[in-house]
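Student: Structure of the sequence below:
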Amino acid sequence: MCSGSISAENLCLVFVLVLQVILLSVPVRAQTAEELLYGDWEALVELYSSLDGENWSDNSGWTPEVVPFPIEESYLTGWFGVTVNNGRVTQISLDGNNLSGSLPEEIAKFTAVTVFKLSNNNLTGSIPAEIGMMSELRELSLYTNALTGAIPSEIGGLDSLNGLRISRNQLSGEIPPEVGNLSSLTELRLNHNDLSGSIPFEIGNLTGLTAISPHQNRLEGSIPESLGNLTSLTEFIAFRNNFSGVIPSGFGNLPALASLRLS
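Tutor: Numbering: from 1, shown residues only. Below is the predicted model:
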């Protein structure tokens, strides 16, 4: 601890600043392929533990009690619902498999997973903010569970996401405006939840959207005019909410719109 005269305190401050500069200048070592695959394994083990893996309908191949050393791709290729490609876990598909419990924070380690499908199970708790660390995600399907809490704003960082399907849960709070950052999104399924507030204006930025279904929530306010920019939209289903105002005039100029249900 630095103490003493003013000059000593100044010397201490200089030392701390120099130390910070040194630490910031040290290059961060990239993880090796083995370390990345080992991280996938750790996350799978935590997923199994958190979601009551012993009672899944099918847990064939899952051997989380065995610690692989050194780890190889072949060790994970036989795990039910898990796809491994080029030394990384790339897909996890466990729909309708009697999963129960809360998603663990360790899903942040699934940085190569493109498909994450856990629908039609008994998931509880909230969607963890760490979902935003799954940077390669293209399909997120968590519909028909019992998830609660808010949609995390971190989900807006998934700029490769094509399909966001989180309907038929107990999600609450507002739709985060960060959803408008999902530049690759084509399908947004939010129906049968307890969402409130208004539809974010920013969703009008997602010009690749073909389907939006926020029906059977507690949404209110007016439907934003920006949705009239969604020229690829074929389906907008928003009945059983508390919207007010008029239908955006731009809806009349959407060439692909085939299904519009507001009441």
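
Student: Going by C-alpha atoms from here, please, whenever you check contacts or count neighbours.
Tutor: Will do.

Student: State the three-state secondary structure for the residue nearest to the spatial centre of the chain.
Tutor: Nearest to the mean C-alpha position of the chain, counting by C-alpha atoms, centre = their mean, stands residue 131 at 4.0 Å. Using DSSP: H, G, I helix; E, B strand; the rest coil, the structure places residue 131 in helix.

Student: My guess is it contacts residue 155. True?
Tutor: Yes - the pair residue 131 / residue 155 is scored as a contact, 6.4 Å apart, by C-alpha atoms under 8 Å.

Student: just checking, residue 130 touches residue 107?
Tutor: Yes - Residue 130 sits in contact with residue 107 when judged by C-alpha under 8 Å, with a separation of 6.6 Å.

Student: on that earlier part again, okay, the residue nearest to the centre of the chain and residue 107: tell me how far apart.
Tutor: Distance of residue 131 to residue 107, computed by C-alpha to C-alpha, to the nearest Å: 7 Å.

Student: what do you get for residue 95?
Tutor: Taking C-alpha to C-alpha, one finds residue 95 at 17 Å from residue 107.

Student: same thing with residue 195?
Tutor: Distance, residue 195 to residue 107, by C-alpha to C-alpha: 24 Å.

Student: Of these two, which one has the most company?
Tutor: More neighbours surround residue 195 than the other of residue 195 and residue 107, with 26 against 23 (other C-alpha atoms under 10 Å).

Student: Find the nearest non-adjacent residue to the more buried one, please.
Tutor: Leaving out its chain neighbours, the residue that sits closest to residue 195 by C-alpha to C-alpha, 6 or more residues apart in numbering is residue 172, at 4.5 Å.

Student: bridging residues for that neighbour?
Tutor: Per DSSP bridges, the residues bridged to residue 172 are residue 194.
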